[in-house]
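Enquirer: predicted coordinates and the sequence they were generated for:
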Protein chains: 2
Amino acid sequence: MSETLDAVDVRLLQLLDLDGRASLRSLAEAVGLSGPAVADRISRLTERGIIRRFAVDIDWARLGLPTLAHIALLTDKTQHIETVMSRLREVERIEEISIVTGSIDLLVRARVADLVDLRRLLVERIWPIEGIQRVETTLAVETLALPDFTAALLTDRTTSDGSSRS
Amino acid sequence: MSETLDAVDVRLLQLLDLDGRASLRSLAEAVGLSGPAVADRISRLTERGIIRRFAVDIDWARLGLPTLAHIALLTDKTQHIETVMSRLREVERIEEISIVTGSIDLLVRARVADLVDLRRLLVERIWPIEGIQRVETTLAVETLALPDFTAALLTDRTTSDGSSRS
DNA sequence: ATTGAAAATCACAGCCG
DNA sequence: CGGCTGTGATTTTCAAT
């Protein structure tokens, strides 16, 4: 069971995901409420932890990190998983680390400049970590991030608890 | 070769990634410039496409979608990849689709409520897509998104072109 | 949630290095 | 060209309803 949002909250989240710096005024007009009411809803969403933060969507390709890599790791179980993860979180270029089901243990998401950069990441930063047994890297040659994803996911969430009917 | 940022641009991106709604005034104070100068830099970063948009970081778990799934797809090559991808982009719960190297063709990232929800996603939405041959789903049982990732990546990017030296 | 007024902030202009 | 300061216009905040 999770949080309850009404249609206005959902609309606000959608609008803010499109433009996180939109003024309260424009948001208020868009949802048909007054400015203070919108301000109040946004701070409540933030306090409830539904809004984690307002972030900036950076085009990493333009900053010289065009390539997305998924690095699958198998660990020997001589090290605690927490130890391996804490060493991984020190590694630059890594943006996410997951413990996963299936034939591997960890799935790491990283962003690299090119193959030289990837070589350094693998050889100098990943391989030396104790407890890592096998490394398998998959490169994305094209990525489609769905900008409407938030909108789509949210339309689904109105006054919902997120569970499914069977 | 890519874009050039100076130290102030980098600092602004870091600050905005922490709080995308920060006032120009507070940003100006933090970087030691005046308000208009900061406004100018932000609009320049936006025009250059480095800032794609200001977004909101939503805690999907609190909205009933706690589980991250990676779905690996193998396609038979009877359908154009564009066709398969365009059908995938209609599917709710999917937030990213990549064409990848390795033993699979597509890697899809999705967020689901529970196993019932996942079952429906797979059986009703993914399997029926023509041209999909094999589906292998990996569930994340724990995910660590690195909040400092942006900061770390950016510290690296000052006045850089993003390529590596060998 | 609304209104209305006070306080803070922003955008725009013209001006300097 | 990139930045600063001024001013008027907007926006945000706060109180009372």
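Expert: Thanks, I have the structure now.
Enquirer: can you count the residues close to A:Ile126?
Expert: A:Ile126: 21 surrounding residues under other Cβ atoms under 10 Å in any protein chain shown. Any C-beta I mention is one placed from the backbone N, CA and C, and that applies to glycine too.
Enquirer: domain assignment for chain A?
Expert: A:7-56, A:60-140 (automatic domain parsing).
Enquirer: who in chain A is up against DNA strand D?
Expert: A:Ser23, A:Leu24, A:Arg25, A:Ser26, A:Gly35, A:Pro36, A:Ala39 (Cβ under 7 Å from any atom of the strand).
Enquirer: compare these and tell me which is most surrounded.
Expert: A:Leu24 (16 neighbours).
Enquirer: dump the residue contacts of that one.
Expert: A:Gly35, A:Val38, A:Ala39, A:Ile42 (Cβ atoms under 8 Å, 6 or more residues apart in numbering or on different chains).
Enquirer: out of those, which is nearest to B:Ile126?
Expert: Nearest to B:Ile126 among those: A:Ile42, at 35.3 Å, using Cβ to Cβ.
Enquirer: in a strand, that closest one, correct?
Expert: No: checked against DSSP: H, G, I helix; E, B strand; the rest coil, A:Ile42 lies outside a strand; its state is helix.
Enquirer: report the contact partners of it.
Expert: A:Leu12, A:Leu16, A:Leu24, A:Ile51.
Enquirer: what about the closest residue to the last one other than its chain neighbours, distance to B:Asp59?
Expert: What sits nearest to A:Ile51 in space, not counting adjacent residues and going by Cβ to Cβ, 6 or more residues apart in numbering or on different chains, is A:Leu45, at 4.6 Å. Between A:Leu45 and B:Asp59 the distance is 10 Å, computed by Cβ to Cβ, to the nearest Å.
Enquirer: please say which of these two ends up with more neighbours.
Expert: The neighbour comparison of A:Leu45 against B:Asp59 (other Cβ under 10 Å) goes to A:Leu45, with 21 against 17.
Enquirer: pretty sure that one sits against A:Val10.
Expert: No: counting by Cβ atoms under 8 Å, A:Leu45 stays clear of A:Val10, with 10.4 Å between them.
Enquirer: which residues does the residue nearest the centre of chain A contact?
Expert: Nearest to the mean C-alpha position of chain A, counting by Cα atoms, centre = their mean, stands A:Glu96 at 7.7 Å. The neighbours of A:Glu96, taking Cβ under 8 Å, 6+ apart as the test, are A:Val108, A:Arg109, B:Thr143, B:Leu144, B:Ala145, B:Leu146, B:Phe149.
Enquirer: let me know the helix or strand that it is in.
Expert: strand A:94-100 (DSSP states H and E).
Enquirer: how far off centre is that strand?
Expert: Centroid separation between strand A:94-100 and its chain, computed with Cα atoms, centre = their mean, to the nearest Å, is 10 Å.
Enquirer: same deal with stretch A:28-48?
Expert: 24 Å.
Enquirer: can I get it as PDB, trimmed to CA atoms?
Expert: Output of stretch A:28-48 as PDB, limited to C-alpha atoms (Å, rounded to 0.1, in the frame of the first residue of the first chain):
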ATOM      1  CA  ALA A  28      -1.700  27.400 -10.500                       C
ATOM      2  CA  GLU A  29      -3.300  28.500 -13.700                       C
ATOM      3  CA  ALA A  30      -2.700  25.200 -15.400                       C
ATOM      4  CA  VAL A  31      -4.400  23.200 -12.600                       C
ATOM      5  CA  GLY A  32      -7.100  25.700 -11.800                       C
ATOM      6  CA  LEU A  33      -6.000  26.500  -8.300                       C
ATOM      7  CA  SER A  34      -4.500  29.500  -6.600                       C
ATOM      8  CA  GLY A  35      -0.800  30.100  -6.100                       C
ATOM      9  CA  PRO A  36      -0.600  29.300  -2.400                       C
ATOM     10  CA  ALA A  37      -2.700  26.100  -2.900                       C
ATOM     11  CA  VAL A  38      -0.100  24.900  -5.400                       C
ATOM     12  CA  ALA A  39       2.800  25.900  -3.200                       C
ATOM     13  CA  ASP A  40       1.200  24.000  -0.400                       C
ATOM     14  CA  ARG A  41       0.700  20.900  -2.400                       C
ATOM     15  CA  ILE A  42       4.300  20.900  -3.700                       C
ATOM     16  CA  SER A  43       5.700  21.200  -0.200                       C
ATOM     17  CA  ARG A  44       3.400  18.500   1.000                       C
ATOM     18  CA  LEU A  45       4.600  16.200  -1.800                       C
ATOM     19  CA  THR A  46       8.100  17.000  -0.800                       C
ATOM     20  CA  GLU A  47       7.600  16.400   2.800                       C
ATOM     21  CA  ARG A  48       5.900  13.100   2.100                       C
END
